[in-house]
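Engineer: Using only what follows, build the 3D model:
(4 chains)
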2 protein chains.
Amino acid sequence: MLDNTDMQILEELNENSRITMKELGEKVHLTGQAAADRVTKLEEKGVIEGYTIKINQVKLGCYVYAFITIIIRSTNHQPFLSFINTQEKHIISNYKISGDGCYLLECRFPSNEVLDDFLLGLNKHANYKLSIVIKKQ
Amino acid sequence: MLDNTDMQILEELNENSRITMKELGEKVHLTGQAAADRVTKLEEKGVIEGYTIKINQVKLGCYVYAFITIIIRSTNHQPFLSFINTQEKHIISNYKISGDGCYLLECRFPSNEVLDDFLLGLNKHANYKLSIVIKKQ
DNA sequence: TCAAATCCTTTCAATTATCAAGTCAAACAG
DNA sequence: CTGTTTGACTTGATAATTGAAAGGATTTGA
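Structural biologist: This is a model prediction of the structure:
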């Protein structure tokens, strides 16, 4: 379904999605038009879901990065999910998981005080285990 | 440091980083030139770290998405870290964390067989807890 | 062998980005 | 109050890219 050139294109776009099609073409030994055609097809197939940026959260004032494992004893997860929906500012992703917990939250907070507020709210609906990210390596 | 227009620009680029500067300008009520100037400054400040794509991993044949909490009893983490470096194909991120484990691996695998191979290798250097992602919501 | 399909290239008009002035308003010192 | 500086924006001309159309290889299947 995808050949080597497509994989190269994905790699290049993953590194710099604002590259011009002409330049992308040069990197994979195609004309700009051929490269653009392939990219359009990758979009249509749904392989490329979108174009986005990497933001430095620390420079935006978010100094605390954490993973929170959620354990819910009740059979009704809705109160927790509703709470999460009110906190989308802090939540990067919510993964429903097998294993130790029911969910894994990937979050960021400007400070430990804000994190503490969040945990106080969270604790009304679920138990949790907190893992602060020290370093992404 | 960053005003409301800058935040809007970040939001727009986060949703679509291949937007033209002219169109971006229209969205935030600036000329294309002014928008491009602001984007350049956001890059120089390091707020924008790069431009990338969202890839549908399932369409690339990666059906298993997992978080693996790593517990190392030994004081020497190097064997584990070296092993990880040989497995970068499967590892999206390696987070050094506080809490239950020493590290949290975000990984993907084409199949449970490949995951099993990975775990066999991993187990020579560390203990682990596996959480399979059922759904990203 | 022929027709259709796929993938690529070339060409050119339309659009966008870039560069260099130039405008405007706020901040500030004399 | 006045003149200067600075930062952020606009304008306009030029260079570069994009997008669309036409056409050339190559492959596939009837």
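
Engineer: for chain A, longest strand please?
Structural biologist: strand A:127-136 (DSSP state E).

Engineer: who does it touch, helix- and strand-wise?
Structural biologist: strand A:64-71, helix A:112-122, strand B:91-97 (3 or more CB pairs under 8 Å, 6 or more residues apart in numbering or on different chains; DSSP states H and E). For glycine as for every other residue, the C-beta is placed from the backbone atoms N, C-alpha and C.

Engineer: Adding mean neighbour count, mean pLDDT and distance to DNA strand D, write these out as TSV.
Structural biologist: What follows is these, written out as TSV (neighbours: other CB atoms under 10 Å in any protein chain shown; pLDDT from 0 to 100; distance: least, CB to the nearest atom of the strand, whole Å):
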stretch	mean neighbour count	mean pLDDT	distance to DNA strand D
strand A:64-71	21	97	28
helix A:112-122	15	97	28
strand B:91-97	18	96	28
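
Engineer: Residue A:17 is nearest to which of the ones you listed?
Structural biologist: When the helices and strands packed on strand A:127-136 are compared by CB to CB, strand B:91-97 sits nearest residue A:17, at 17.3 Å.

Engineer: orientation of the closest one relative to helix B:112-122 in degrees?
Structural biologist: 40 degrees (axes from the mean of the first three to the mean of the last three CA atoms, to 10 degrees).

Engineer: Residue A:55 touches residue B:47, doesn't it?
Structural biologist: Yes: under the criterion of CB atoms under 8 Å, residue A:55 makes contact with residue B:47 at 6.5 Å.

Engineer: Those two: who's more crowded?
Structural biologist: residue B:47 (22 against 18; other CB atoms under 10 Å in any protein chain shown).

Engineer: mind checking how far that one is from residue A:53?
Structural biologist: 9 Å (CB to CB, to the nearest Å).

Engineer: Overlap in contacts, those two.
Structural biologist: Residues touching both residue B:47 and residue A:53 (CB atoms under 8 Å, 6 or more residues apart in numbering or on different chains) are residue B:10.

Engineer: Buried residues of the longest strand of chain A, list them for me.
Structural biologist: Under the neighbour-count criterion of 16 or more other CB atoms under 10 Å in any protein chain shown, strand A:127-136 has A:128, A:130-133 buried.

Engineer: quick one, what contacts the closest residue to residue A:42 other than its chain neighbours?
Structural biologist: Nearest non-adjacent residue to residue A:42, counting by CB to CB, 6 or more residues apart in numbering or on different chains: residue A:48, 4.6 Å away. Contacts for residue A:48 (CB under 8 Å, 6+ apart) come out as A:10, A:13, A:39, A:42, B:53-56.

Engineer: pLDDT, secondary structure and distance to residue A:97 for these - can I get that in JSON lines?
Structural biologist: Converted to JSON lines, these look like this (pLDDT from 0 to 100; DSSP: H, G, I helix; E, B strand; the rest coil; distance: CB to CB, whole Å):
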{"residue": "A:10", "pLDDT": "97", "secondary structure": "helix", "distance to residue A:97": "27"}
{"residue": "A:13", "pLDDT": "97", "secondary structure": "helix", "distance to residue A:97": "29"}
{"residue": "A:39", "pLDDT": "96", "secondary structure": "helix", "distance to residue A:97": "33"}
{"residue": "A:42", "pLDDT": "95", "secondary structure": "helix", "distance to residue A:97": "29"}
{"residue": "B:53", "pLDDT": "97", "secondary structure": "strand", "distance to residue A:97": "25"}
{"residue": "B:54", "pLDDT": "97", "secondary structure": "strand", "distance to residue A:97": "21"}
{"residue": "B:55", "pLDDT": "96", "secondary structure": "strand", "distance to residue A:97": "21"}
{"residue": "B:56", "pLDDT": "95", "secondary structure": "coil", "distance to residue A:97": "20"}
